[in-house]
Every structure is written in C-alpha cells, then in structure tokens.
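Undergrad: How does the following fold in three dimensions:
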Amino acid sequence: MSSDSDAPAASRWQRFRDRCARWWRRIHPGERALAGAELAGLLALAFVAAALGTKIRLGLSAFFDPVLGAICGLLLAIVISLGVRLVLMLLKGVPRWLGGKGVIYLLTLAGVLTLIDFPPPVALMFAAVIILIQAILGGALAGLLGSRWREAAPRRRLWLALLVTLALAANVLIVTRLARDGSDEHLSDPAGESLHQRAERLSVAPLAAPDPSKAGPFEVLTLTYGSGTDRRRAEFGSGADLITESVDGTPFVKDNEGWRIDFRHRYWGFDFESLPRNGRVFHPEGEGPFPLVLIVHGNHNMQEFSDPGYAYLGELLASRGFIFVSVDENFLNGSWIGGLDTENDARGWMLLQHLALWRAWAADPQSPFHGKVDMSRIALIGHSRGGEAAAIAGSFNRLDHYPDDATVDFDFDFDIRAIIAIAPSDGQYEPADQPTPLTDVDYLTLQGGHDADVSVFVGARQFRRVAFTGGAYHFKAYLYAYRANHGQFNTEWGRYDSSWPSGFFLNVEPLLDADEQRRIGMVAISAFLEASLHGETDYLPFFRNPEAAAAWLPEDIYLSRFQDSTFRPLADYEEDIDVTTASLEGTTIEGDGLAVWREEDLALRKRGTKDNQVAFVGWRRGESAPPSYSLLLPEGSGMDLTADSLLVLSLADADEKPPDEDEDEEGDDQEDSESEEDESEDEPREALDFTIELVSTDGHAAALPLSRFGGLPKPLYSRFLKLPEGQEKKLYGSRWEPTLKLFELPLADFAAENPAFEPSRLSRIRLVFDRGEDGVVIVDDVGFAEPPRI
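TA: So this is what the prediction gives:
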C-alpha cells in the first residue's frame, strides 16, 4: 500500500530532475565560463584580503608596512581557505556543491572579515554578495569572449552581455552606496523650532558671561615632556623639552602575555616595567599659579597616535588661564594584533603618575613650572576609555592601596576638584569588582546621540554614582547632543567611529560638522572648568538648561541633567521595591486611573541598564477625571521650602503606548503585538504634555503645564548604519535610548499663579495627565534644590 502511493511521488520527482537537467544543459556556460567565474571570485578574495592586510603595521616604514601587510593579508586568506576546505572535506554528508571553490572563497572572505571585527552575519552577507557578483561578472565575460560563444546564437550573446552589464552595475551600486554618507530621514523633528526660537519661546535668559569657546587673554606656549628615548615619537624622545622617569605598571596590566605582547614591546621599545610619562603641554604665559588640567585619549589604533587630537582644547584653555596637558597613553591602546585585557586601571593610574610629576615640578625651583601650577585646583578629562580612566584616577586618588592587590601602595591625595568624561566607557574595570565610586568632585559627562563606538550612554551610570557628602558646594551634569558622534571630539579620530572597511557601513549623514561638534566640546568643557576651577558660577545655568547658551551652540537638540549639593531627594526610586514609598521617609506615592505604573532599571539601547531605578507612569485620557500620579510629603518633612526653592525632576518620553482599556491581560500573540509596536513607532505624534499641580496643607493649589518649563522632548531616534534596519538592530539594539532631561520649576511661579498657595506649606505634588495625547513618561529624581549660585 505504501510503495504504491510512493510511486507517483517518485515519478514526479524524477520528471522534475529531468527538466532541471535539460534546463541546465541548455544554459550551461561551459567550462571556460565556470573557470572565469572561479578566477573572478579568487581575484575578488585576493584583492579584499590584500587591501585589509594593509591595516597590519609592523613599524618598519611608510613604504614597507603596507606592502608586507598586503602579503600578510594574502597569506592569512590562504590559511583560512585551507582550513575551510579541510573542514568541508571532514564533514560527512555535505552536498557536493558545498565543496566548490566559490563556496570556499565565500567562507574564506567571511572569515577574514570576521577577524577584523565584522559581526559574523554581516561578514557572511557581505562576502556572499561580493563573491557572487564577481563570479557572475567573470563567468559572463569568459563566456562572452570564448570561441564557443562567439559562434553562439545572438540571443545567448545578448544574455551574456546583459549579465556583464548587470554585474558591473551591481559593483558600481555597491561602491556608490558605501561611498555615500547615508541618510538623515530618521532624525526626530524638533517641531520646526531652532535653538534660538526655543530659548525665546521659553523666555530663557542668555548667560551673563562671555562665550567660553572664545580665546582668553593669555598668550599660549607649548612644550613636550617624555622619556627622551621614545623610538616612535620624536617629540617625546630626542625632541622632548623635559625628560621624565618611566614607571613600572606591571601590577595594572596582569594577564597580558604571549606573542602579541612581545610584538608590542618590540614595536615600542619598552615593556610594562618602563611605561613612559609623555605629555603635550599648552600653558599660558604669565606668573600664575594656574589650575592644572590633564586630558587622556581612549582606545584607538596604537600606531595612529591620539594625543595630538586635543590641541584645539589645549589652545583654548591655555589662553583662558589653565595649564593643559594631553597625556600620551597610545602604548596601552589596541592594534591589528588585538588589544590589552583589563588595562583601564592602568590608564587611570598613569594619570596619577603624571600628576606626581607636576607636583614635583611645582615645588622644584629649577623647574620652568615652579610656582606656576596651582596644585589645589586640578581637573582630569578623558575620552572614551579615557573617560572611564579619569573616574578611576579620581577614585584611586583617595585610596592608600590598590583595591585589587593591597600589596601595591598608593600615595597620591591630589586636590582633584573636577572630572570630565567625553563619551566614556564604564565597567571595563571595576575596583574590587564594584562600580567605580566618586565622591565630592564636580563631574561632567558628554554623549552623542549618533556615537557609533560607545553607542550606549553608560556615562549616565557614573553620573549617578557621583555622591556629595561634605559641606562644600559641588555639582554634576551631563549633556547629550543628538547629532554628535564619538570621534569628532578628537581631530585625529574624525567622522568615522570605526576604521575602514567597517567604517564604510556607518551612516554619517546625520552628523554635525566636525567644527560644530568640537564647538560643543569647547563650550561645555570650558564653561565647566571656569565654574569649577575659576569659580565663575555664571556658567552653571548652561548645564541646567542648554537653551541659555543658544548663542554659543550649533543647531541641534540637547538634553541635560544637573544636580548639585543643594538637592534634597523626595523620590529617587532606589530605596525598595514598593512603588508607593519614596526616598524621603514618610513620603507616599499614589496613582489614580493610571494605565501604566511600574518601577524598573532604566535600559540601555542594547543589553544592560543604566543602574538607575525610575518610575514608568502611563495614562489614557477618557471622559472621567484625568489620571494622576501624586507624591505626598510627610508632616515636618524638613525641606524648608521658600518661594526661591526649585521643584526639580528628571523626565523622558518612554516611547511606549499605554495598553488599551479593554486589552486582555494575557495580551495578543507576541508577533502581532511587536508588529503593532513597530507601526506605532512610525506614527507621528505630538510631544507629551501634562499639568504639574502643587497643593498646600490648607488645600490651596496652583497648577502649571510642563510645557511652560520646556516641554518633554520626543524620543530621539538614531541610525548608525547604512545597512537594513534588521541588521542594525542586531548590532546596535533599539533605535532609541531613554535619556532623561532635567526640569526645574521655581515655586515662585506657582505662587504667582495662585497667591494663596504658600510654598513653605507644600504637602502634595500631582502630575495630572489632562493635556495632549495618551502616553507613558519616565520619572526620576523628584526633589528640591536651591537656585543657581551666581
């Protein structure tokens, strides 16, 4: 019975195979064309492998390095192809066609791309496209030029010519697509409002201070210091103005061994026992004493030196009365052979070793800097891994021992007042397996919304971990610039946040011009240092509200968060898992008619969190009383509020749709819900708005719309790649990352709205969702602060 029923199926299968065989015989291009396809695939593989091999730097010369690198790339491709062929031979049951040369070339090219940090799916896709197109081109050309096909029918010759044309067009399309900058269609619309117009609409007063990005009154002098024996950098070798002693960094680079480390040592001419203290100094001409500012770069190709990339900051800050040093730590960076493991503590420790030099020079009558350095006013700046290193240095500075090995003594105790982190990493090193703490320092972190290197805002974690414990005034802030990337803060790194060839896939169309982005850095860093080290507190309102600096900043969307030592938290959501309790003892939280009410750790764009507990509050507007979210202060809260006090809170649009009222508790099928979510993401909508109502103990209330104080920005979407969205999501995660924005609401404004309301008798804060569309808002750090200290 079974065999009878299988017979027709077998017959159909045989007829299908016969038809395929006849079709193949008709179109078979011949052995010459197949050989042409194989040759074209091989040439494509060889070209790409040789080109990628030029990234290998052996440190010989500008001529021999790329030549030998190309040879190394070809040898690497040969080794990988032999390995691929061996694996395919050993695998039993593999279809015969999988052992073909084309497949081997494809897998070999994918392997080469993977070795230079292409994600495997992208490497395989790119290799398949390249090999297939070149094989079609080579095969069609060989067939078209072969004697057999010259005698073929005109129709077949036409088809071959068409294939050649299509393959050439595909190559041109690939090159032009990779060469173009990308697209900015995803950019969030700032409601057609410029930064200046926004400042005018909100009546934000411009800062009563000069533009901090403009040069100051001092003439700038420069010099370099170094080991005097540096074989790669003449300015730190024979050309160094000051000679410094090297230091033993071996405790901080443990577990770094092998041939790669030996190659590094031979390249540089020194090992971890003799790390040089090299620096570029920009200093004002004058008697001083001047505050001292050190900056350190992050990870980059160690043979493409990073420390010259901050000269623009050095020229600016030295002219404004700061001694500025760009520290060389290129010898701790990665290379074509790979990077170091667990080296970020070494980066921070090296900064402190540089400070030890300056302490000695400031006290040495023979030093050109004797009496000119104010060692009581020190700031550290870092970029990328250097940003994390600056925080590590600030933490190590207060310790007597190395946290990971107490047999290593510390004796630093410098007066580090300020730390600045530009697009920093976080958690690459954790002292004693704990997040890096910072106490009683001023702190600033900058982040770009189109940073394709450090694409998640982990600097917000360190911002959270800065604690103020003493009586002295301190402040911390972050500034998020929507169209800034990672590299343009360093003139040596530039527009592409990864090197070629992966840089070709980056979407750079949305980016600010390099000069514009560096102007953001100049304004923010200079203003911060003026406030922290020079005591020019007129600059503080800029960090509370960037619109106050509209005349200085390039056109972009900015989000800022600020907190100082006058802040008294009412609810920071870190205390427990009860959504009805708050940070201030006795404070309770109530929700009325809410569609969403939960607390959770704020997520990063891809994997992990910001270590920041927040509240998600969502609402649907209906015909009944509007939903609300309330914080009830306890009697005798001790807040000592006056009309001059500020109600502060940090908010963000959650980019989340509240569930429908009649939605089933279990929800619909997951794929359907995801589809609806994707559709809703593309639906245009207005910025969220709601009412802030304050109620006093005697029942008097005053209410104002949030939009009066700036309004809630729409989610800021990013596109990092020119690849399809599916590939981008795999590599970068969500197109949006929740970034909180500070709102400061003067209690005097509420008292003016209702003179019967007395701020000193405040008992309830209500967020009333009675305006605009349904939505979900993220809430954090509700509390009170005092006005700017100007």
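Undergrad: which ones are touching the closest residue to residue 405 other than its chain neighbours?
TA: Take residue 405 and drop its neighbours on the chain: the residue closest to it by CB to CB, 6 or more residues apart in numbering is residue 251, 5.8 Å away. Backbone N, C-alpha and C define where each C-beta goes, glycine included. Taking CB atoms under 8 Å, 6 or more residues apart in numbering, we find residue 251 in contact with 402, 405, 408.
Undergrad: Then residue 173?
TA: Contact analysis of residue 173 by CB under 8 Å, 6+ apart lists nothing.
Undergrad: try residue 367
TA: Contacts of residue 367 (CB under 8 Å, 6+ apart): 360, 361.
Undergrad: go again using 7 Å as the cut-off
TA: Residues in contact with residue 367, defined by CB atoms under 7 Å, 6 or more residues apart in numbering, are residue 361.
Undergrad: measure it to residue 468 for me?
TA: Relative to residue 468, residue 367 is positioned 35 Å away (CB to CB, to the nearest Å).
Undergrad: And residue 763, by the same measure?
TA: In terms of CB to CB, residue 763 sits 27 Å off from residue 468.
Undergrad: When these two are compared, which one has more neighbours?
TA: residue 468 (19 against 16; other CB atoms under 10 Å).
Undergrad: Surely the more buried one and residue 474 touch.
TA: Yes: using CB atoms under 7 Å, residue 468 is in contact with residue 474, at 4.9 Å.
Undergrad: between the two, what contacts are shared?
TA: Contacts common to residue 468 and residue 474, judged by CB under 7 Å, 6+ apart, are 440, 565.
Undergrad: Which strand or helix spans residue 325?
TA: Secondary structure assignment for residue 325, by DSSP states H and E: strand 323-328.
Undergrad: right, and the helix or strand after that strand?
TA: The helix or strand immediately downstream of strand 323-328 is helix 344-363, counting by DSSP H and E.
Undergrad: Could you identify the helix or strand that succeeds that following helix?
TA: strand 373-383.
Undergrad: circling back: what residues does the strand holding residue 325 touch?
TA: Identification of contacts with strand 323-328 by CB under 7 Å, 6+ apart yields 236, 278-283, 290, 292-296, 307, 310, 313-314, 317-318, 351, 354, 373.
Undergrad: Return the helix or strand in this protein with minimum mean pLDDT.
TA: Of the helices and strands making up the chain, the lowest-confidence element is helix 670-682, at a mean of 42, by mean pLDDT, DSSP states H and E.
Undergrad: hey, where'd the helices end up in the stretch 101-250 of the chain?
TA: Using DSSP state H, counting those that start in this stretch, the helices found in the stretch 101-250 of the chain span residues 101-115, 120-145, 147-150, 154-179, 195-201.
Undergrad: Export these as TSV, with columns for distance to residue 607 and mean pLDDT.
TA: Output for those, formatted as TSV (distance: least, CB to CB, whole Å; pLDDT from 0 to 100):
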stretch	distance to residue 607	mean pLDDT
helix 101-115	20	82
helix 120-145	17	82
helix 147-150	54	54
helix 154-179	28	81
helix 195-201	33	83
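Undergrad: Quick one: neighbours of residue 411, just the number.
TA: Around residue 411 there are 8 residues (other CB under 10 Å).
Undergrad: what about residue 752, neighbour count?
TA: Neighbour count of residue 752, defined by other CB under 10 Å: 13.
Undergrad: For it, identify the helix or strand it belongs to.
TA: helix 747-753.
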